[in-house]
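1. have a look at this fold, sequence not included:
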């Protein structure tokens, strides 16, 4: 075991599954990342942020496929390849590009099993980067997991650390249904201890990164780290928080969320996706419906405003949830204050 | 002044512990405590355990409050004689804080006590090798589905004057997952290979549960390698075994189910935290881990019966043997202890389950230390 970055953990998961199973193939824009043309350099980049570096040289051009810049064609091809026997891992680069291939995901891959009466399986993984805080502007910064969570037939994974990313990606590749695997682009250099061996983490089971008595903080993806930071500060002030990372937004571990809220009686949900119809809404509704009697204070959501992600650094900072905002939200529910109406 | 003043500090319960939570004080300021009294309960991410007072005197000050999480080495309180003036106690506390700040910078270097992978024949074994001293080292062999953290409250305590080696058995923890036919003989051979690789001709051996059976097999197959045996709720002395629990400990894949499965191991169910269950699940989810445990189980424990009979080995043992068993063991019934011959020193512990070394840490460590000392002369 050694410290690995989020980027390395994902690379290692892909590498180990490609070694184990010859039907695992990668495809996407620049996943091989050769400079192309006549340069002769093949493995220059390994994806725009270097996540698939080294895989082309180990597994060759038949298993690591650079595709034309046409999301509709290669995501469609990956769905078809999955239905006919391969286990493709297709990379959409920025999740914002899903607009170009939503039919292939929403109406095709997600529906195969159902429309073919259970006779088709679609072991497809679509990897994509999401999230603001990278100065990548409105068309490259969205957190679109609620969009995928909304579609029955898809599994949606939002890992919150390097250890989580490796185990959840291996689980995704071995899963027989289409899985959307979303990587926060700000987290690629985050490091932690990650086993060298292959391992899996099952879908639909939340993990608790902090256990406390006063407030349950549910946080998604990169927000988990911020929630931990807030919880640690609050602990010094005598407020003890449970931090719950759902790991997968579909399936969602409703049972653990409800149990934690029943224990603490207070809920703060942290979600960096746009605030209307996002996971914070979904989880708030779940708790309001099934654990209303346990609530000692109104539910509080820590979410960005309903605007495109700003490019301006100060504005983007203002837009994002952070540990301070989470800390303030927890204190406000501890004082039973209702959120101000904007 | 250090003769009269003793610092109570956040203990380090082995391995990766960097901080702990003071769960509760067992004494109030002004109370008289004796050396060895459990003055506080300390909670780590893995387990809750009592903290023994290193000295006798009056608990003069509680620096840490119940519920506070503090780094290892942080000052929890001060024990001093009743006649030490208040000002001296205060000066001691101020001085202590300065010491800690200096020490913590030295701690930045990577701890040499972290487990390391050793290549031993065809195995890759995760080994934690600590302490030094004269005489044969001590080898700790954990039980079925465990790992070297089964000794997290024992290894460092026993290593004060002795080299103490804990390792993950093949198929367990961070070791490689090939276990051959999963028999006790194969696992004993791996333990012997490890001793050889570490250039240890003979060792004191402590074995817990399946590790107890492995220790007996080690004595049977490599008698020259074993100086003394300490058996902790060992397998191989009786027919009965709770295979339903063992199956759950291998197969369940949800934190709450694993927590329930692990609770069968101890009498005080609150010892098993959610984190502890998560840590076990992390190891189960490694490729090959569950298969290895299934292979071992098929070879040793089937349908409520043990397929091992090591009672004859124990009957003929020519080395000193100590036996621990919890009277409320739900995995291997304490009735097995009656099959140990008379020359074995037996400690049957009331209100203890299958993990005496963790449930009665202080007592266990003291007895083992005395037993080893007596038999190294």
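-> Nice, I can see it. On a predicted model such as this, the values are computed, not experimentally measured, just so you know.

2. residues contacting residue B:344?
-> Counting by C-beta atoms under 8 Å, 6 or more residues apart in numbering or on different chains, residue B:344 makes contact with B:314, B:321, B:322, B:323. For the C-beta atoms, the positions are set from N, CA and C on the backbone; glycine is no exception.

3. just those: which are in helices?
-> When DSSP state H is applied, the contacts of residue B:344 are split such that residue B:314 fall in helices.

4. low-confidence ranges, the stretch 251-377 of chain B, go.
-> B:377 (pLDDT under 70).

5. who in it is up against chain A?
-> B:253, B:254, B:255, B:274, B:275, B:278, B:282, B:285, B:286, B:287, B:288 (C-beta under 8 Å from any C-beta of the partner chain).

6. buried subset of the residues you listed?
-> B:254, B:255, B:275, B:278, B:285, B:286 (16 or more other C-beta atoms under 10 Å in any protein chain shown).

7. identify the farthest-apart pair in those residues.
-> Farthest-apart pair in these is B:275 and B:286; separation 18.0 Å (C-beta to C-beta).

8. model confidence for residue A:185, exactly?
-> In the predicted model, residue A:185 carries a pLDDT score of 96.

9. surely residue B:31 touches residue B:59?
-> Yes: applying C-beta atoms under 8 Å, one finds residue B:31 in contact with residue B:59, separated by 5.1 Å.

10. could you pull out the helices for the stretch 101-250 of chain A?
-> Using DSSP state H, counting those that start in this stretch, the helices of the stretch 101-250 of chain A run over A:102, A:112-115, A:145-149, A:162-174, A:223-236.

11. out of those helices, which comes closest to residue A:128?
-> helix A:145-149 (9.6 Å).

12. who are the packing partners of that closest one?
-> strand A:155-157, strand A:179-184, strand A:248-250, helix A:279-290 (3 or more C-beta pairs under 8 Å, 6 or more residues apart in numbering or on different chains; DSSP states H and E).

13. closest to residue A:12 out of those?
-> Taking the helices and strands packed on helix A:145-149 one by one with C-beta to C-beta, strand A:179-184 is closest: 13.9 Å.

14. show me what contacts the most centrally placed residue in chain B?
-> Centroid check for chain B by C-alpha atoms, centre = their mean gives residue B:151 as the closest residue, at 2.0 Å. Residues near residue B:151 by C-beta under 8 Å, 6+ apart: B:14, B:140, B:142, B:166, B:357.

15. could you do residue A:90 as well?
-> A:26, A:27, A:28, A:74, A:75, A:78, A:124, A:125, A:126, A:127.

16. out of those, which one sits closest to chain B?
-> residue A:125 (18.1 Å; C-beta to the nearest C-beta).

17. contacting residues for the closest one?
-> Here residue A:125 is in contact with A:87, A:88, A:89, A:90, A:169, A:172, A:173, A:175, A:178, A:179, A:181 (criterion: C-beta under 8 Å, 6+ apart).

18. Three-state assignment for the fourth one, please.
-> This points to residue A:90. Look at residue A:90: counting by DSSP: H, G, I helix; E, B strand; the rest coil, its state is strand.

19. who in chain A is up against chain B?
-> A:1, A:167, A:195, A:197-202, A:205, A:207-208, A:211, A:235, A:240.

20. just to be sure, which of the residues you listed are found in strands?
-> A:207, A:208 (DSSP state E).

21. for PyMOL, what selects the buried ones among the residues of chain A next to chain B?
-> In PyMOL syntax, the buried subset of those is picked out as below (16+ other C-beta under 10 Å):
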select buried, chain A and resi 167+195+197+198+199+200+201+202+205+207+208+211+235+240
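
22. chain A versus residue B:152, what's the distance?
-> Noted for residue B:152: a distance of 17 Å to chain A, by C-beta to the nearest C-beta, to the nearest Å.

23. let me know whether that residue touches residue B:11 as I believe.
-> No: with contact defined as C-beta under 8 Å, residue B:152 does not count as touching residue B:11 (11.2 Å).

24. which one is residue B:331 nearest to, not counting chain neighbours?
-> Counting by C-beta to C-beta, 6 or more residues apart in numbering or on different chains, residue B:331 lies nearest to residue B:354, which is 4.3 Å off, once chain neighbours are set aside.

25. run a quick neighbour tally on that neighbour.
-> Other residues near residue B:354 number 25, with proximity taken as other C-beta atoms under 10 Å in any protein chain shown.

26. for the residue nearest to residue B:84 when sequence neighbours are not counted, grab the count of nearby residues.
-> Spatial nearest neighbour of residue B:84, chain neighbours left out: residue B:4 (5.1 Å); criterion: C-beta to C-beta, 6+ apart. Residue B:4 has 16 neighbouring residues, counting by other C-beta under 10 Å.

27. quick one, what contacts residue B:4?
-> Contacts of residue B:4 (C-beta under 8 Å, 6+ apart): B:57, B:80, B:81, B:84.

28. ok, now with 7 Å
-> B:80, B:81, B:84 (C-beta atoms under 7 Å, 6 or more residues apart in numbering or on different chains).

29. measure it to chain A for me?
-> 33 Å.

30. tell me the pLDDT at that residue?
-> Predicted confidence (pLDDT) for residue B:4: 77.

31. cool, and residue B:229?
-> So, for residue B:229, pLDDT stands at 98.

32. my read: residue A:271 touches residue A:220, true?
-> Yes: under the criterion of C-beta atoms under 7 Å, residue A:271 makes contact with residue A:220 at 5.4 Å.

33. now for those two: what residues contact both?
-> residue A:279.

34. okay, domains of chain A per the record?
-> Here the domain assignment for chain A is A:2-194, A:207-334, based on automatic domain parsing.

35. got the phi/psi numbers for the residue of the stretch 51-200 of chain B found nearest chain A?
-> Residue of the stretch 51-200 of chain B nearest chain A, by C-beta to the nearest C-beta: residue B:174 (6.5 Å). Here the main-chain torsion angles of residue B:174 (degrees, to the nearest 10) amount to phi -90, psi 10.

36. who does the nearest residue to it once chain neighbours are set aside bridge with?
-> Excluding the flanking residues, the one nearest residue B:174 by C-beta to C-beta, 6+ apart is residue B:126, at 3.6 Å. With DSSP bridges as the criterion, residue B:126 is bridged to residue B:117.

37. from memory residue B:126 sits against residue B:175, does it?
-> Yes: between residue B:126 and residue B:175 there is a contact under C-beta under 7 Å: 4.9 Å.

38. which of the contacts of residue B:344 are buried? Put it as a PyMOL command.
-> To isolate the buried members of the contacts of residue B:344 in PyMOL, using 16+ other C-beta under 10 Å:
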select buried, chain B and resi 314+321+322+323
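
39. show me the contacts of residue B:344 that map onto strands.
-> Checked against DSSP E, these include these in strands: B:321, B:322, B:323.
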